[in-house]
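Peer 1: Here is my input; please provide its structure:
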Amino acid sequence: MFHILIIDGDTAVGTAIKLWLEVEGADVVHIADGPGGIEALRNGQFDLAIIELSMPGFNGLETIQTAHRIQPATPIIVLSNVLYRSERMMSEAIALGATCVLAKPFKPRNLMQAIESAVGRSFGPPPALRPDQN
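Peer 2: Model prediction:
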């Protein structure tokens with residue numbers, strides 16, 4: 001089972017991602033701000049962190065940098081909204097330790113592909129159990 005941390009100030013988006021990943025079999029913690037997310041990283045071990053670039057408390061780049069310092073082996077997927085979709089911001093996120101940047105809005109399958117790429121293995125129930133495979 002994957003243990004995933006979502007740090008996203010947009011409660012609706014963070015909650016939707018959390019619920020969707022839980023349906024897929026993950027254990028998910030959603031924190032709505034950078035300081036809370038950093039505290040969660042200090043107190044727990046995660047297989048993956050999903051971090052929004054724009055949120056209250058810290059900016060996303062500071063959160064990525066600190067998260068990478070606390071848990072350097074934990075892959076980080078960055079979510080960016082329209083305001084943070086510049087090449088410079090995306091390049092900086094990667095330079096600070098992010099595995100990839102996923103632009104909002106995105107489809108669940110795009111997030112799944114990013115997760116599988118970041119952790120280097122498949123995620124979710126076996127194909128025989130997936131409803132879309134029957």
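Peer 1: list the buried ones in the helix or strand hosting Q113?
Peer 2: Assigned by DSSP states H and E, Q113 belongs to helix 108-119. Within helix 108-119, the residues that count as buried by 16 or more other CB atoms under 10 Å are L111, M112, A114, I115, A118, V119. In this view, the C-beta of every residue, glycine as well, is placed from N, C-alpha and C.
Peer 1: same thing with stretch 39-55?
Peer 2: By 16+ other CB under 10 Å, the buried positions in stretch 39-55 come out as A40, L41, F46, D47, L48, A49, I50, I51, E52, L53, S54, M55.
Peer 1: about what we covered before: show me what the helix holding Q113 is packed against.
Peer 2: Judged by 3 or more CB pairs under 8 Å, 6 or more residues apart in numbering; DSSP states H and E, the packing partners of helix 108-119 are helix 11-23, strand 48-52, strand 76-80, strand 100-103.
Peer 1: Tabulate these (JSON lines), appending distance to N59 and mean pLDDT.
Peer 2: Listed next are the helices and strands packed on helix 108-119 as JSON lines, based on distance: least, CB to CB, whole Å; pLDDT from 0 to 100:
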{"stretch": "helix 11-23", "distance to N59": "17", "mean pLDDT": "92"}
{"stretch": "strand 48-52", "distance to N59": "10", "mean pLDDT": "94"}
{"stretch": "strand 76-80", "distance to N59": "12", "mean pLDDT": "91"}
{"stretch": "strand 100-103", "distance to N59": "15", "mean pLDDT": "88"}
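Peer 1: Nearest to H3, out of the ones you listed?
Peer 2: Closest to H3 of the helices and strands packed on helix 108-119 is strand 48-52 (CB to CB; 7.9 Å).
Peer 1: What pairs with that closest one, parallel or antiparallel?
Peer 2: Strand 48-52 has its sheet partners listed here by DSSP bridges as strand 3-7 (parallel), strand 76-80 (parallel).
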